[in-house]
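Asks: Sequence first, predicted coordinates after that:
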Amino acid sequence: MQHLIKIENGKPVTDTLVIAEVFARRHDEVLRSVRGLINEGTIGLREFASSSYLNAQNKEQPMYQLSEKAALIAMPFIGGRKSKEGQRKLVEAFLEYRDRLISSNYDRAPQVISIEMEMAVAEAAGRALAMSDSSKLKMIETVANNHGCATNMLPDYVNERACLALTTLLKEIGETRSARTVNKVLLDLGILEERTRTSTSGKEKRFKLLTEKGLSFGKNQVSPNNPRETQPLYYISTFNDLMQLIEAAERGAAA
């Protein structure tokens, strides 16, 4: 059963090549069925990954990697001469992995498991929000404090360039444009992007973060108002360069 699934980022996955094999169906037909489920939204964007393989002629061909949820959704739509047997084999493979995972966790302290889960969430947040090193360090410290772990091995600070909030920097250089006006240009330039989150009351909250392009001019710090948001801060040393980009963009728009 082990060859039917593999572990990616700590989670079991399978792929359309495996499904084609165990269902006794041509891979292009399996690919077509799965693609249709993705296009109509039956399989969510987080439940699959586009991938490829080399065929017998050593040519690269497309395939999909599927999460357990995506595989379970797709199986009834695949068909094939061995569809029932294929479904049974894949379900057993996923269940076998769960049994092994549960057995291995019996020997680990619950606190260790909890810390690992919180660290995984912190790591995912750091990637998703492109947080600065100091913000990541703060999250690690928070996880440690939540579980009474010592933090004296952590560095007292991360050596980062001096930076300030946009409003503060605009005032310091005597800029007449408002932060809102500048932010609009930064969004158009792809230096900023806007994200949304759902508040505890169910309302949609918007916040901004620096894109990969924007990280040349600043960093994303955890917002002091809400840890689920980021606050862009801008490097003092490159702020004049950023303002020149903004002015050039405005001249281009006016031309």
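Replies: Good, I have the coordinates. Numbers count the residues shown, from 1 in each chain.

Asks: Am I right that residue 245 falls within a helix?
Replies: Yes. Under DSSP: H, G, I helix; E, B strand; the rest coil, residue 245 falls within a helix.

Asks: okay, now the closest residue to it other than its chain neighbours: neighbour count?
Replies: The spatially closest residue to residue 245, leaving aside those adjacent along the chain, is residue 189, at 6.6 Å (Cβ to Cβ, 6 or more residues apart in numbering). For glycine as for every other residue, the C-beta is placed from the backbone atoms N, C-alpha and C. Residues within reach of residue 189, counting by other Cβ atoms under 10 Å, total 16.

Asks: and if you look at residue 64?
Replies: With other Cβ under 10 Å as criterion, residue 64 counts 25.

Asks: Which helix or which strand is home to it?
Replies: strand 60-67 (DSSP states H and E).

Asks: Quick one: the helices in the chain, in order.
Replies: 16-23, 27-39, 68-78, 83-105, 110-128, 133-146, 166-172, 179-189, 239-254 (DSSP state H).

Asks: Of these, which is nearest residue 202?
Replies: Evaluated with Cβ to Cβ, the helices of the chain place helix 110-128 nearest to residue 202, the distance being 21.1 Å.

Asks: Single out the most deeply packed of the helices of the chain.
Replies: Each of those was scored by mean neighbour count; the highest is helix 16-23, a mean of 22, by mean count of other Cβ atoms under 10 Å.

Asks: Counting by contacts, list what that one packs against.
Replies: helix 27-39, strand 60-67, helix 68-78, helix 83-105 (3 or more Cβ pairs under 8 Å, 6 or more residues apart in numbering; DSSP states H and E).

Asks: can you tell me which residues contact the residue nearest to residue 245?
Replies: Residues near residue 189 by Cβ atoms under 8 Å, 6 or more residues apart in numbering: 213, 245-246, 249.

Asks: now, among those residues, which is nearest to residue 21?
Replies: When the contacts of residue 189 are compared against residue 21 (criterion: Cβ to Cβ), the nearest one is residue 213, at 42.6 Å.

Asks: so the closest one touches residue 191, yeah?
Replies: Yes. Judged on Cβ atoms under 8 Å, residue 213 makes contact with residue 191 at a distance of 5.7 Å.

Asks: Compare neighbour counts for those two and give me the winner.
Replies: Set residue 213 next to residue 191 and count neighbours by other Cβ under 10 Å: residue 191 wins out with 24 against 12.

Asks: Just give the closest residue to that one, not the sequence neighbours.
Replies: Distances taken as Cβ to Cβ, 6+ apart put residue 214 closest to residue 191, at 3.8 Å, once the chain neighbours are dropped.

Asks: Kindly tell me how buried that neighbour is, as a neighbour count.
Replies: Number of residues near residue 214 (other Cβ under 10 Å) recorded here: 22.

Asks: returning to that earlier point: how much space separates the residue nearest to residue 245 from residue 210?
Replies: From residue 189 across to residue 210, the span is 11 Å (Cβ to Cβ, to the nearest Å).

Asks: What ranges in this structure fall below the confidence cut-off?
Replies: Along the chain, segments meeting pLDDT under 70 span 1-2, 102-113, 125-126, 128-132, 152-160, 254-255.

Asks: make it 50
Replies: Scanning the chain for pLDDT under 50 picks out 1.

Asks: hey, what's residue 13 bridged with?
Replies: Beta-bridge pairing of residue 13 under DSSP bridges involves residue 6, residue 67.

Asks: Return the distance of stretch 212-226 from the chain's centre.
Replies: Put simply, stretch 212-226 sits 16 Å off its chain's centre (Cα atoms, centre = their mean, to the nearest Å).

Asks: how about the helices and strands packed on helix 16-23 in TSV, adding distance to residue 17?
Replies: Below are these laid out as TSV (distance: least, Cβ to Cβ, whole Å):
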stretch	distance to residue 17
helix 27-39	6
strand 60-67	5
helix 68-78	12
helix 83-105	13
